[in-house]
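Visitor: can't give you the sequence, but here's the structure:
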């Protein structure tokens, strides 16, 4: 037995466990494992039995199934939280039960474990949960839980007081080109690009040792000699005694957005003005929204996926507020030749819109499980739209006019098979545009029916456009209506499809990087013709070259 496992069992053996499972066979096999860790286990046969035993005993931890008679695991956990808000609750669940994830987050579930129980996953989860029993390390527990959750998506690093790297996330390794072994133990400035003025780092190191936060744009150096731009937030770290022990830096990849500083300037000014006038309560609210923006941005696809499938690409993704209702998703399917791209505009913007994007991400996860479980399935974008429509309406109880909510999305589902040179497209109130190598520009219209709203029938059949023998060099453009509907110009009219297509026509021979710049430049010119012009909506434009 390893020393690490011995330490876990030494601690768990002192804990009083409530284990709830209605299946006798699953219960018996799982108990064989749990008895290796816990000396004191009380077993309940369903959620109702589990809650009654919880009320009459002093437990330290609860492990429960979700689907059970009388009272399911989520409802039992909700009742337990009313009695004890801090007790760790762990769900034993099948992979297909991911639809319960959002409800679990609301309740505050401490972890998920798949059935059958795997020792490696159980040990990893118990290491985190055990920290919760030491009050002095409760802050550290929260930090480690957050790091594990976002490790693969957020560009994050930690250093000691001298700037020596002590931790890097997988996302940091991906963007920098280094491995964790190559980074940990090295000075943070190993990724500093020589173009960055030394005065910036002199200033950073003059304020962060005093406990102040620094945030701003940095140009960093990759291992292969290339560079990348990030927006970084650097904050001091403290241990449980209040001693300053190092720094944490969280970064957002802005390589595809660096050329649009003219648009960001007004937003930065608004944030700066708001910071001066907000009360403490409003400041806490803003901090929560900024953290929500960090979570939302972590859902955005890795740029490496675009590079894998297309010669060139760009993405313009600008929420109207700190968080927004636009989201784009990129999924590789069952081999390296086919992918799905979603460009979606959810109901509303700001916090309400961002919440709907989380629902969209949850439905997308169910969709991908279905696709991977059916390897012979022929992908239809029309079927994908129908899957979203049906699932969203059921999830939000919008099957008929009596439903309380009425939300959904407009947007595009784009399928590409690079081996077969095949494109499939379905749109909900959204077209897509492509430019052939000979200069011809084609507009493909979507269905005039949104997804998920009460007025859309459950069994609505969306239209699918098939494009075969796609020529190399074809340039594709997807957009939500935020760009097309933005007001401006001398008469304060929407930008419109005509001007959008004109940009493609005028600059279609240029690189995608130059096209991105022209899209942003033309929009800035359009908006600035109206004094004190406000952004109408979130904006997303995606372009790539076959």
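Guide: Great, that's in hand. Since the model is a prediction, treat every value here as computed from it, not as a measurement. Numbers count the residues shown, from 1 in each chain.
Visitor: the bottom helix or strand of the chain by mean pLDDT?
Guide: Ranked by mean pLDDT, DSSP states H and E, the weakest helix or strand in the chain is helix 138-150, scoring a mean of 51.
Visitor: quick one: furthest residue from the center of this structure?
Guide: residue 56 (40.6 Å; CA atoms, centre = their mean).
Visitor: okay, it: pLDDT?
Guide: pLDDT, residue 56: 88.
Visitor: what residues are bridge-paired with residue 214?
Guide: residue 234 (DSSP bridges).
Visitor: what pLDDT does it get?
Guide: 95.
Visitor: quick one: mean pLDDT for whichever helix or strand comes after the least confident helix or strand of the chain?
Guide: Sequence order places strand 155-159 as the next helix or strand after helix 138-150, per DSSP states H and E. The pLDDT scores in strand 155-159 average 92.
Visitor: identify all contacting residues around strand 155-159.
Guide: 147, 150, 165-169, 171-172, 175, 183, 188, 230, 237, 246-253 (CB atoms under 8 Å, 6 or more residues apart in numbering). In this view, the C-beta of every residue, glycine as well, is placed from N, C-alpha and C.
Visitor: could you redo the last one with a cut-off of 7 Å?
Guide: Here strand 155-159 makes contact (CB atoms under 7 Å, 6 or more residues apart in numbering) with 165-169, 171-172, 175, 188, 230, 237, 246-251, 253.
Visitor: and for stretch 111-126?
Guide: 5, 8, 12, 26, 29-30, 33, 90-95, 129.
Visitor: which positions in that stretch come out as buried?
Guide: Judged by neighbour count (16 or more other CB atoms under 10 Å), stretch 111-126 contains these buried residues: 111, 112, 113, 115, 117, 122, 125, 126.
Visitor: so of these, which ones are in strands?
Guide: Among the buried residues of stretch 111-126, DSSP state E puts 111, 112, 113 in strands.
Visitor: and the last one, how close does it get to residue 53?
Guide: It stands for residue 113. Using CB to CB, to the nearest Å, residue 113 is found at 21 Å from residue 53.
Visitor: how many other residues sit next to the residue lying closest to residue 188 once chain neighbours are set aside?
Guide: Leaving aside its chain neighbours, residue 188 sits nearest to residue 163 (4.7 Å; criterion: CB to CB, 6 or more residues apart in numbering). Close neighbours of residue 163, defined as other CB atoms under 10 Å, add up to 15.
Visitor: likewise residue 366?
Guide: 16.
Visitor: that one falls within a strand, correct?
Guide: No. Assessed with DSSP: H, G, I helix; E, B strand; the rest coil, residue 366 is helix; it does not lie in a strand.
Visitor: correct me if wrong: the residue nearest to residue 188 contacts residue 185.
Guide: No. With contact defined as CB atoms under 7 Å, residue 163 does not count as touching residue 185 (11.8 Å).
Visitor: ok, which stretches of the stretch 401-546 of the chain are helices?
Guide: All helices of the stretch 401-546 of the chain, identified by DSSP state H, counting those that start in this stretch, fall at 481-484, 496-507, 512-528.
Visitor: tell me which of these sits most buried.
Guide: Most buried of the helices of the stretch 401-546 of the chain by mean neighbour count (mean count of other CB atoms under 10 Å) is helix 481-484; its value is a mean of 22.
Visitor: need phi/psi at residue 199.
Guide: phi -60, psi -30 (degrees, to the nearest 10).
Visitor: next one: it from residue 205, what distance?
Guide: Residue 199 is 11 Å from residue 205, by CB to CB.
Visitor: of these two, which one has the most company?
Guide: residue 205 (13 against 8).
Visitor: okay, now residue 409: neighbour count?
Guide: 28.
Visitor: equivalent analysis for residue 321, please.
Guide: 17.
Visitor: distance of it from residue 351?
Guide: For residue 321 relative to residue 351 (CB to CB), the value is 8 Å.
Visitor: same question, residue 489
Guide: The value you get for residue 489 to residue 351, if CB to CB is used, is 30 Å.
Visitor: same check on residue 387?
Guide: Taking CB to CB, one finds residue 387 at 26 Å from residue 351.
Visitor: among the contacts of stretch 111-126, name the ones in strands.
Guide: 90, 91, 92, 93.
Visitor: was I right to think residue 179 contacts residue 168?
Guide: No. Checked against CB under 7 Å, the pair residue 179 and residue 168 is beyond contact range at 9.2 Å.
Visitor: so if I had to pick from those two, which one is more boxed in?
Guide: residue 168 (25 against 11).
Visitor: where does the stretch 1-150 of the chain have low pLDDT?
Guide: Residue ranges of the stretch 1-150 of the chain with pLDDT under 70: 1, 94-102, 132-150.
Visitor: ok, now which ones touch the residue nearest in space to the middle of the chain?
Guide: The centroid of the chain falls nearest to residue 299 when counting by CA atoms, centre = their mean (1.8 Å). Contacts for residue 299 (CB under 7 Å, 6+ apart) come out as 327, 361.
Visitor: one more pass at 8 Å, please.
Guide: Here residue 299 is in contact with 153, 327, 329, 357, 358, 361 (criterion: CB under 8 Å, 6+ apart).
Visitor: how much space separates the closest residue to residue 70 other than its chain neighbours from residue 25?
Guide: Among residues not flanking residue 70 along the chain, residue 48 sits closest, at 4.0 Å (CB to CB, 6+ apart). Residue 48 sits 21 Å away from residue 25, going by CB to CB.
Visitor: those two: which has the busier surroundings?
Guide: residue 48 (18 against 8).
Visitor: so the more buried one makes contact with residue 73?
Guide: No. Look at residue 48 against residue 73 with CB atoms under 8 Å: they stay out of range, at 11.4 Å.
Visitor: narrow the contacts of strand 155-159 to those in strands?
Guide: Per DSSP E, the contacts of strand 155-159 map to strands at 165-168, 230, 237, 246-251, 253.
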